[in-house]
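from the sequence below, what's the structure:
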Amino acid sequence: MVKTKQFQAMRDVGNPKTAVRIYNAQDVDELMFLDISATQEGRPTLCNFISEVSEECFVPLVAGGGVKTIEDVRSLLRSGADMVVINTQAFLTPTLISESAIKFGSQAVAVSVDVKNGTVWINRATVDTGVSPEEWIAKAVEFGAGEIVLTAVEREGMMGGYDYDLIQKISSRLPIPLVANGGAGNLQHMVEAVDSGADAVAASSIFHFTDQSPIKARSYLSDKNILVRMV
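Numbers count the residues shown, from 1 in each chain. Okay, the predicted model is just below:
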């Protein structure tokens, strides 16, 4: 596993298999594995890793990175992923979204959208598409995406809070679930993301570098009258 800031300056933060065991024991709602530089570096998908961890993990697994074809989607699902995240190739070939949705169901297909300086970026946020997130997300929904994972690149890894304006702008017109990603530094940030319109929040650094945990997060959100799955 690595921690990045704005998808740059990778820092090793431990063995992902160990983290899976810990988070599985803490009853997280979902575990998301994204190899953010797989496409950029030409690596294959995380099939082998997903296959290994799925044997001892009993929460839904979401996987992405390096997904280019319908066969990549099929392989990840067969390896144990419950949902596959597509980013760069979804933008370059939107029919991959529709083909995957028709073949496996929209519930198995998420589109990851990285936003920087008001536009959508691909290839680990190194290539500016010049397209607004509203325009691209509307198209992704039209092609059959079942979920949007929205990352504000400027906030990613900075632990200063999610981009609430962006979340609100996108969620106000989105007919499918929106997962807010990038920026959680305390539990109140999660509340503010949900209040802004996110259906779920993804977080990493807060659990690696503070004394917070998924158990504490669930309790905090519940105390703020946000509906969560209590265990």
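
can you list the strands that the strand or helix carrying D114 pairs with?
Using DSSP states H and E, D114 sits in strand 109-116. If you go by DSSP bridges, strand 109-116 pairs up with strand 83-86 (parallel), strand 119-122 (antiparallel), strand 147-152 (parallel).

distance check, W121 against Y220.
W121 sits at a distance of 32 Å from Y220 (criterion: CB to CB, to the nearest Å). For glycine as for every other residue, the C-beta is placed from the backbone atoms N, C-alpha and C.

end to end, how far does stretch 24-44 reach?
One end of stretch 24-44 to the other measures 25 Å (CA to CA, to the nearest Å).

figure out how far it is from the centre of its chain.
Averaging C-alpha positions (CA atoms, centre = their mean, to the nearest Å) puts stretch 24-44 8 Å from its chain's average.

list the buried residues in that stretch.
Applying a neighbour-count criterion of 16 or more other CB atoms under 10 Å, one finds Q26, V28, L31, M32, F33, L34, D35, I36, S37, A38, T39, Q40 buried in stretch 24-44.

export those residues to a markdown table and tack on pLDDT, secondary structure and distance to S172?
Output for the buried residues of stretch 24-44, formatted as a markdown table (pLDDT from 0 to 100; DSSP: H, G, I helix; E, B strand; the rest coil; distance: CB to CB, whole Å):
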| residue | pLDDT | secondary structure | distance to S172 |
| --- | --- | --- | --- |
| Q26 | 88 | coil | 32 |
| V28 | 90 | coil | 28 |
| L31 | 93 | strand | 29 |
| M32 | 91 | strand | 24 |
| F33 | 89 | strand | 29 |
| L34 | 87 | strand | 26 |
| D35 | 84 | coil | 31 |
| I36 | 73 | coil | 27 |
| S37 | 76 | coil | 32 |
| A38 | 75 | helix | 32 |
| T39 | 75 | helix | 30 |
| Q40 | 73 | helix | 32 |
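
what's the strand holding D114 in contact with?
7, 34, 62, 64, 73, 83-87, 90, 97, 100-101, 120-122, 125, 128, 133, 136-137, 140, 144-154, 163, 166, 179 (CB atoms under 8 Å, 6 or more residues apart in numbering).

returning to what we had before: which one's more surrounded, W121 and Y220?
More crowded of W121 and Y220, by other CB atoms under 10 Å: W121, with 24 against 17.

need the contact list for that one.
D114, V115, V127, D128, T129, V153.

the residue positioned nearest the centre of the chain and N15, how far apart?
For the chain, the residue nearest the mean C-alpha position is V149 (4.7 Å; CA atoms, centre = their mean). Going from V149 to N15 by CB to CB gives 24 Å.

cool, P60 as well?
21 Å.

who has more neighbours, these two?
P60 (13 against 10).

over to that one: give its phi and psi.
phi -60, psi 140 (degrees, to the nearest 10).
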